[in-house]
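Colleague: sequence-free structure coming up:
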């Protein structure tokens, strides 16, 4: 939570709040969601339906916000090629497609449609975000994007999504270990911390060169 | 027009790829879930019907 506040504060202080508006919006939404979850958790407990509703509905909102944040980074990467309009079109199509797919999956369970839909949409958008982030990283390498902030933020997102997928695999492989249960909440801190460090350490003008594969002649 | 069709094809490709990946990852899961936001603990079970 401190890292989130730090990221938003640094963005405002370094006049980058509007430049990275959707990233800030995600972090602010995440802070409010955590406050709401803690409030409900304290009053109703971990195994209460109230906490379940609060958790899954806020998670669905946050995943949509994270998806929009990924799209905003893609718009910045492809902005110089004047492809921003098509990126937005792809984003809308993806969101509509994922929503329709999620609805089709849960339409059978009409008695708990709303809860299952929020859960399914969140899960599906997570995987769409994962694929999108890797495609974006490929585009960064191909286009030789050099803006340090954009490169590091996309890398952070890639690591974040990958770490969650890894923790999920670990939860299936070794469910009896207690540490596995705490991996998710620990990973939840990673994104705000890495974004806050990026905003603090690098200015908008900072540039770096992405590594390229070099074929060594023999 | 071709760019719009390319955008549609790209969106469909990403969606199919993502759902394939999800099927691969969750095929052998034991009801564990990936919830990728925030630091709060994951609820023990899905809430019941209203």
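Modeller: Here it is on my side, so go on. Predicted model only: the values in this text are computed from it and were never measured.

Colleague: surely residue A:16 meets residue A:198?
Modeller: No - between residue A:16 and residue A:198 there is no contact under C-beta atoms under 8 Å: 10.1 Å. C-beta here means a position set from N, CA and C on the backbone, and glycine is covered the same way.

Colleague: the two - which one has more neighbours?
Modeller: Taking other C-beta atoms under 10 Å in any protein chain shown, residue A:16 and residue A:198 do not tie; residue A:198 has more neighbours (22 against 17).

Colleague: so the more buried one is in which element?
Modeller: helix A:190-201 (DSSP states H and E).

Colleague: could you give me the average pLDDT of that helix?
Modeller: Average pLDDT, helix A:190-201: 87.

Colleague: go through that helix and flag the buried ones.
Modeller: Using 16 or more other C-beta atoms under 10 Å in any protein chain shown as the test for burial, helix A:190-201 gives A:191-192, A:194-199.

Colleague: check stretch B:17-28 too.
Modeller: B:17-19, B:22, B:25-26.

Colleague: these: which ones sit near chain A?
Modeller: Restricting the buried residues of stretch B:17-28 to those near chain A by C-beta under 8 Å from any C-beta of the partner chain leaves B:17-19, B:22, B:25.

Colleague: which residues touch the residue most central in space within chain A?
Modeller: Closest residue to the average C-alpha location of chain A: residue A:66 at 4.0 Å, with C-alpha atoms, centre = their mean. For residue A:66, the contact set (C-beta atoms under 8 Å, 6 or more residues apart in numbering or on different chains) comprises A:26, A:125, A:129, B:36-37.

Colleague: what's the closest of the ones next to chain A among the buried residues of stretch B:17-28 to residue B:4?
Modeller: Residue B:4 lies nearest to residue B:17 out of those, by C-beta to C-beta, at 20.4 Å.

Colleague: with adjacent residues omitted, what lies nearest to the closest one?
Modeller: Of all residues not flanking residue B:17 in the chain, residue A:131 sits nearest, at 5.1 Å (C-beta to C-beta, 6 or more residues apart in numbering or on different chains).
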